[in-house]
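Enquirer: Below are the sequence and a predicted model for it; my questions follow.
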Amino acid sequence: MPPTNDTEIPGGSDISRMPEGRRTHYRWVVCGLLFLATTINYVDRQVIGILAPTLEDEFGWTATHYSYIIGAFSIAYGISYMTAGWLMDRIGERRGFLLVVFVWSLAAMAHGLVQPLVYSGLPWMTATFAGTFLGALTPATLSMAGFIAARFALGLAEGGNFPGAVRTVSLWHPKRERALSTGIFNSGSNMGVLLAACAVPLIVEKLGWGWPVAFYVTGALGFLWLALWFFMYRRPEEHPRVSPAELEHIRSDPADPPAKVSWISLLRYRQTWAHVLGCSLVGPVWWFYLFWTTLFLKDRHGIGLSDMLGPLVVIYLMADMGSIGGGGLSSWLIRRGASVNVARKVAFLVCALCVVPVISVVWVDNMWVAVVLIGLAAAAHQGFSANLYTIVSDTVPRKAVGSVVGLGGTASCIAMVGFSTLIGAVLDWTEHFYGRREYLIPFVIAGSNYLIAVAVIHLLLPRLEPMTLDMDVEVNR
């Protein structure tokens, strides 16, 4: 295969490879790069959640102001998840990652610029527009507008990470390794939450540098990753550190048909809907753990911000292990002779059953027992998610992997908006009638959606059969 624009190496494409008989393992270095990208992705998105109390005091935000800011990210992330998958399929994962990480790093750092801009004055027409649509020109509304812009830009770029990572895994790993490699890079989401929870208080409180610096420092991490990706990543067939033996291992699965699938035609395939519906059912639950766990611990167990680090570390370390363990389970079963279909379905079912106990968290009086139950559910979600991403690369041609994952992410964001609205309504209603917030309904949904997702995926793909291209396929000539 001649090198494409996406994989050209400076100085030409004549590559001196490793010795013929030696199998290298550079695919796991690439997996490590994807893990780092996912870690930085979650660090950048979580900083505002950790700083929310500080920012509310700084600008006088209400809960509604904050909800608009978070909503802007969710909407942009959903749009990006779909369009970024299309982008990755068209321009390739190397240039695609260079673009999206550059943009999201700038957007993350731009959060810190909002404060000085708020008090510098706005042009008359901008002020008139803001006054018309945002209400009085107060520091709260103006800063909200600035954060909405920064969060929207962040969401538009960050949505490219997972479609690009899944696509990269499909290029670098045979099917029997993909669930494990997906679990490894997906575990970066938990690591990112942990790093943000540790770094932000250190920067703001211990060092006393102020909240804008937290955005500058964490946003700058993306530029360090860009240098690594630029110099270390090429596709397997073009990489000088990949031996012929490793390339043969990577290409050990049957080749995909030489075809392109139009974006609209993807909606006609059961393989697409299995992923989309699966994401719609389980994706919002993960966001529920990310954004509502601290409120639950505060409401149910009286845990304040200063005591929250320990519970969060336990929850997300467990989630990290679940991501690798859930992906590794199906890979282990395949190595033991199980079919891909059986291995993925068993992993799905095991993870779904591990989520169910979280329903009982609303009746638990011991805070650490509640933390372990939530941590187990978060771990099971990550294991489930690793296999949910992997069945796309199992069943969809490589040219369309990014687009299908993007459709699933968009559906998850849409469902997340509905689930979050339901949570807020339930908590407000129960507080009004019972004098305290009751979380039973949200946790019942969180504990049961995974079993529903297993049933849906099995009904749509009983044998996990590959996508069969039809009249909508445009064959490469």
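Expert: Yep, it's here.
Enquirer: Now do the contacts for residue 153.
Expert: Taking CB atoms under 8 Å, 6 or more residues apart in numbering, we find residue 153 in contact with 76, 103, 104, 106, 107, 110. C-betas here are computed from N, CA, C, even on glycine.
Enquirer: To clarify, my last question referred to residue 274.
Expert: 391, 395, 456, 457, 460, 461.
Enquirer: and the two most separated of the residues you listed?
Expert: 395 and 456 (14.7 Å; CB to CB).
Enquirer: how about stretch 170-185: buried residues?
Expert: Neighbour-count burial for stretch 170-185 flags 170-173, 175-185 (criterion: 16 or more other CB atoms under 10 Å).
Enquirer: and the residues you listed, which of them are in helices?
Expert: Of the buried residues of stretch 170-185, the ones assigned to helices by DSSP state H are 170-172, 175-185.
Enquirer: Just name the closest of the residues you listed to residue 143, please.
Expert: residue 185 (34.6 Å).
Enquirer: contacting residues around the closest residue to the closest one other than its chain neighbours?
Expert: In space, and not counting its chain neighbours, residue 185 is closest to residue 34: 3.7 Å by CB to CB, 6 or more residues apart in numbering. Contacts were defined as CB under 8 Å, 6+ apart; by that measure residue 34 touches 165, 168, 169, 181, 184, 185, 188.
Enquirer: do residue 391 as well
Expert: Contact analysis of residue 391 by CB under 8 Å, 6+ apart lists 271, 274, 275, 344, 457, 461, 464.
Enquirer: any idea of the angle the helix or strand encompassing it forms with helix 175-186?
Expert: Residue 391 is part of helix 367-395 when elements are defined by DSSP states H and E. On the basis of axes from the mean of the first three to the mean of the last three CA atoms, to 10 degrees, helix 367-395 is oriented at 140 degrees to helix 175-186.
Enquirer: residue closest to the middle of this protein?
Expert: residue 162 (5.8 Å; CA atoms, centre = their mean).
Enquirer: how close does that one get to residue 395?
Expert: For residue 162, the distance to residue 395 (CB to CB, to the nearest Å) stands at 17 Å.
Enquirer: what's the neighbour count on residue 209?
Expert: 14 (other CB atoms under 10 Å).
Enquirer: did I read that right, it in a strand?
Expert: No. Counting by DSSP: H, G, I helix; E, B strand; the rest coil, residue 209 is not part of a strand but coil.
Enquirer: Tally up the residues packed near residue 227, please.
Expert: That count, for residue 227 with other CB under 10 Å as the rule, works out to 9.
Enquirer: which residues are in contact with the helix or strand that contains it?
Expert: Using DSSP H and E, residue 227 falls within helix 211-232. Helix 211-232 has contacts (CB under 8 Å, 6+ apart) with 29, 33, 36-37, 40, 43-44, 47, 51, 54-55, 58, 94, 97-98, 101-102, 104-113, 115, 196, 199-200, 203-204.
Enquirer: Can you say which of those residues are buried?
Expert: 29, 33, 36-37, 40, 43-44, 47, 51, 54-55, 58, 94, 97, 101, 104-112, 115, 196, 199-200, 203-204.
Enquirer: Looking at these, which are in helices?
Expert: Using DSSP H, the buried ones among the contacts of helix 211-232 in helices are 29, 33, 36-37, 40, 43-44, 47, 51, 54-55, 58, 94, 97, 101, 104-110, 115, 196, 199-200.
Enquirer: Pick out whichever of the buried residues of stretch 170-185 sits closest to residue 154.
Expert: residue 185 (19.8 Å).
Enquirer: Spit out the contact partners of the closest one.
Expert: 31, 34, 35, 37, 38, 165, 169.
Enquirer: quick one, strands of the chain?
Expert: 259-261, 473-475 (DSSP state E).
Enquirer: Considering those, which stretch scores lowest in mean pLDDT?
Expert: Sorting those by mean pLDDT places strand 473-475 lowest, at a mean of 41.
Enquirer: okay, residue 464: pLDDT?
Expert: Taking residue 464 on its own, its pLDDT is 91.
Enquirer: Check whether it really touches residue 341, as I assumed.
Expert: Yes. Contact criterion CB atoms under 8 Å: residue 464 and residue 341 qualify, at 4.0 Å.
Enquirer: More neighbours: these two, which one.
Expert: Set side by side, residue 464 and residue 341 show more neighbours around residue 464, with 20 against 17, by other CB under 10 Å.
Enquirer: and the gap between that one and residue 425?
Expert: 38 Å.
Enquirer: And for residue 326?
Expert: Noted for residue 326: a distance of 32 Å to residue 425, by CB to CB.
Enquirer: Looking at those two, which one has more neighbours?
Expert: residue 326 (30 against 11).
Enquirer: Output the below-cut-off pLDDT ranges for the stretch 251-400 of the chain.
Expert: The stretch 251-400 of the chain contains residues with pLDDT under 70 at 255-263, 304-306.
Enquirer: at 50 instead, please
Expert: Within the stretch 251-400 of the chain, no range satisfies pLDDT under 50.
Enquirer: can you pull the contacts of the nearest residue to residue 250 once chain neighbours are set aside?
Expert: Spatial nearest neighbour of residue 250, chain neighbours left out: residue 236 (5.1 Å); criterion: CB to CB, 6+ apart. Taking CB under 8 Å, 6+ apart, we find residue 236 in contact with 26, 27, 171, 172, 242, 246, 247, 250, 251.
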